[in-house]
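Asker: sequence first, predicted coordinates after that:
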Amino acid sequence: MSLAGKVGILSKLGSLLGKRKQAPSVSESAVAQAVGRWVAGRGYLLPEGNPTDVAKRMGITSAQLFRYCMEEKGEDFRTWRTRLRIEEAKKQLLSEPDVPVSIIARRVGINDRSNFSRLFRDHTGMLPSQWREKNL
């Protein structure tokens, strides 16, 4: 057998073995459904920070979650999750004007008030207390 024939066989064998090691494929619609259930269940409010753990909870891989966020949301997972949290915080800031910002921050999964204020300002252009005052 020629060297080219051996290389071809080894290449095919390597590709077959590589396929066996991969996790079973999950369709794009199944990924979208898993993410949709996570959003509907308000999983983004949990303080967990690791996208790999979030993906496991959804029943998908972190690569599938990353690809979904980039293709469907146009941003990485952490940025998208933060945006969801900030939108929820805005609702709570208006619906519960007497609740301190630090409590709302914890409710939306951000335990550090200064980090929450920075993220909120990055997304809205103003601090949570300023935003609340302006929009009440």
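Answerer: Sure thing, it's come through.

Asker: CA only for contacts and neighbour counts going forward, please
Answerer: OK.

Asker: mind listing what Glu48 touches?
Answerer: For Glu48, the contact set (CA atoms under 8 Å, 6 or more residues apart in numbering) comprises 54, 109.

Asker: confidence score at it?
Answerer: pLDDT for Glu48: 73.

Asker: same thing with Ile9?
Answerer: 51.

Asker: wait, isn't Arg78 in contact with Val54?
Answerer: No: look at Arg78 against Val54 with CA atoms under 8 Å: they stay out of range, at 10.7 Å.

Asker: so between the two, which is more surrounded?
Answerer: Remark: of Arg78 and Val54, Val54 carries more neighbours, 21 against 15, as counted by other CA atoms under 10 Å.

Asker: quick check, pLDDT for the more buried one.
Answerer: Note on Val54: pLDDT of 93.

Asker: which regions of this protein sit below the pLDDT cut-off?
Answerer: 1-26, 49 (pLDDT under 70).
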